[in-house]
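# For reference, the sequence and a predicted model appear below.
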Amino acid sequence: MKLPKWQTYIPLLFIIFMFVLPLFMNSPRYLNLLNQLLLNIILAMGVYSVWSVGFINAAQPIFYGLGSYTVALLMMRAHFPFWLAFPMAGVIPAVVALLFGLIGLKMKGAYFLFLTIALDGLISWLFISWKGLFGGQLGIFPVPQPRIQAFGLDINFATSRTPYYYLALVTAVITCLVYFKMFNSRLGRVWESIGKTEDLLANTGISVFTQKQIALAVSCFFAGLAGAIWAPYITIITPSQFGLWQGITIVLGVLVGGIYSPLGAIIGTIFMAALNLVFTYLPSQTVQYQPMALGFILVLVLLFMPTGILGLSGRVQNRIKELTGRKTAPPSINKDDVKAV
């Protein structure tokens, strides 16, 4: 998936902007919105990677929740330090994804989507029913806060939200770099081919099923890391935080941004975050109309922007060229040639 050169500069400018943003915007409310945006970008990149091999994963928040519960249980029950529990929070969801993929990745089209919805309900039920481990509806609290004491630094995450912002930003940047590197490599080209011509690719000797497992496991690994940041940040984790609605919103964001480039997943997630911010300023009675508004946006995207926001820019450029371009005159005919014939 070779990206246009101009698309490679947008993430760099965005990263620089995000690193300096807390210097001008240190309000706890906006830092909270930015943290959620960065974590959702991580989830959206995972949804896009699975989409590239031909599947829609609506259960990404469940793997996000597995990462949150993993880091909380390891810190509270096994007394692991956060920085040791953090990578484990990615490994556990990845292993669960591999086990789920043994059955789920053999499905086709909408059947995989329905299976992820069923998985969402099953694990949510497990979170609620297994009270001795997951705390039931009340969840787990208080989740211990991480702390950095090294090289003369003493950063206590309990005293400020800003360290969480930079931890989420660094994790999101690393996640995006890994995905962009994969999408521009042979692995990314194989994934793209699976999504378009799976049967033809299988005849080349490449294990299509293995490639699908890699895409699903990688996406769930990074989703677990995002969940590991969310758990101590919010200090309490409950099953209601990882519902199906969040998964549908993330899938919709990827679709709105554009499914033909990983940059579209980022743009779509930012768009959805801006839309949710608009809803927070509206009267509380309008919350019930949010699903209807998102459905209306989905219909508009499918009708007028099938390639998403990212693809719209290319369509506008082509339209401008059509309107401003000069029509080439037909080639002139030489009379001598006509006589010769």
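Everything's here; your move. Residues are numbered from 1 along each chain as shown.
# How far does the helix or strand Phe63 falls within sit from its chain's centre?
For Phe63, the host element (DSSP states H and E) is helix 60-76. Mean-position distance between helix 60-76 and its chain equals 17 Å (CA atoms, centre = their mean, to the nearest Å).
# now swap in stretch 176-195 and tell me
In terms of CA atoms, centre = their mean, the centre of stretch 176-195 is found 15 Å from the chain centre.
# What segments of this protein are helices?
For the chain, the helices defined by DSSP state H cover 5-24, 28-52, 60-76, 82-104, 110-129, 131-134, 162-183, 186-202, 208-234, 244-257, 262-281, 290-304, 308-324, 335-340.
# Which secondary structure elements does the fifth one sit against?
Helix 110-129 sits against helix 60-76, helix 82-104, helix 131-134, helix 244-257, with contacts defined as 3 or more CB pairs under 8 Å, 6 or more residues apart in numbering; DSSP states H and E. Where you see a C-beta, it was placed from the backbone N, CA and C, and this is true even at glycine.
# Any chance of CSV for these, columns mean neighbour count?
CSV is the format used below for the helices and strands packed on helix 110-129 (neighbours: other CB atoms under 10 Å):
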stretch, mean neighbour count
helix 60-76, 27
helix 82-104, 19
helix 131-134, 13
helix 244-257, 22
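# mind putting those in CSV, mean pLDDT and distance to Thr204 included?
Shown next, in CSV, are those (pLDDT from 0 to 100; distance: least, CB to CB, whole Å):
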stretch, mean pLDDT, distance to Thr204
helix 60-76, 95, 30
helix 82-104, 95, 21
helix 131-134, 92, 44
helix 244-257, 89, 28
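# Now do stretch 309-325: distance to the chain's middle.
27 Å.
# now stretch 152-159
29 Å.
# Next, the buried residues of it.
Of the residues in stretch 152-159, Phe157 count as buried by neighbour count, 16 or more other CB atoms under 10 Å.
# Output that stretch in CSV with nothing but the alpha carbons.
C-alpha atoms of stretch 152-159 as CSV (Å, rounded to 0.1, in the frame of the first residue of the first chain):
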residue,chain,number,x,y,z
GLY,A,152,16.8,11.9,38.1
LEU,A,153,13.2,12.0,37.1
ASP,A,154,10.3,11.6,39.5
ILE,A,155,7.0,11.7,37.5
ASN,A,156,4.0,10.8,39.6
PHE,A,157,1.0,10.1,37.3
ALA,A,158,-1.4,10.5,40.3
THR,A,159,-0.7,14.2,40.6
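# shaky segments in this structure?
1-8, 11, 313-314, 325-341 (pLDDT under 70).
# Which residues are in contact with the residue most central in space within it?
What sits nearest the mean C-alpha location of the chain, by CA atoms, centre = their mean, is Ala44, with 1.0 Å. Counting by CB atoms under 8 Å, 6 or more residues apart in numbering, Ala44 makes contact with Ile250, Gly253, Val254, Gly257, Ala265, Ile266, Gly268, Thr269.
# Pull the most distant pair out of those.
The span of the contacts of Ala44, defined through CB to CB, is set by Ile250 and Ile266 at 12.0 Å.
# quick revisit: how about the contacts of Ala44 in JSON lines, adding distance to Tyr111?
As requested, the contacts of Ala44 are arranged in JSON lines below (distance: CB to CB, whole Å):
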{"residue": "Ile250", "distance to Tyr111": "20"}
{"residue": "Gly253", "distance to Tyr111": "23"}
{"residue": "Val254", "distance to Tyr111": "20"}
{"residue": "Gly257", "distance to Tyr111": "25"}
{"residue": "Ala265", "distance to Tyr111": "23"}
{"residue": "Ile266", "distance to Tyr111": "29"}
{"residue": "Gly268", "distance to Tyr111": "25"}
{"residue": "Thr269", "distance to Tyr111": "26"}
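# just curious, which of those is nearest to Asn35?
Asn35 has its nearest neighbour among the contacts of Ala44 in Thr269, at 13.2 Å by CB to CB.
# Could you count how many residues lie near the closest one?
Around Thr269 there are 28 other residues, counting by other CB atoms under 10 Å.
# Include distance to Ala215 when you put the helices and strands packed on helix 110-129 into TSV, please.
Output for the helices and strands packed on helix 110-129, formatted as TSV (distance: least, CB to CB, whole Å):
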stretch	distance to Ala215
helix 60-76	13
helix 82-104	9
helix 131-134	28
helix 244-257	14
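# out of those helices, nearest to Leu200?
Using CB to CB, these put helix 82-104 closest to Leu200, at 22.0 Å.
# what's next to the closest one, contact-wise?
63-64, 66-68, 70-71, 74-75, 80, 112, 115-116, 119, 144, 146-147, 212-213, 216-225, 227-228, 232.
# ok, now stretch 171-184?
With CB under 8 Å, 6+ apart, stretch 171-184 has contacts from 1-3, 11, 15, 38-39, 41-42, 45, 48-49, 52, 188, 191, 218, 222, 225-226, 229, 262, 266.
# Noted, bye for now.
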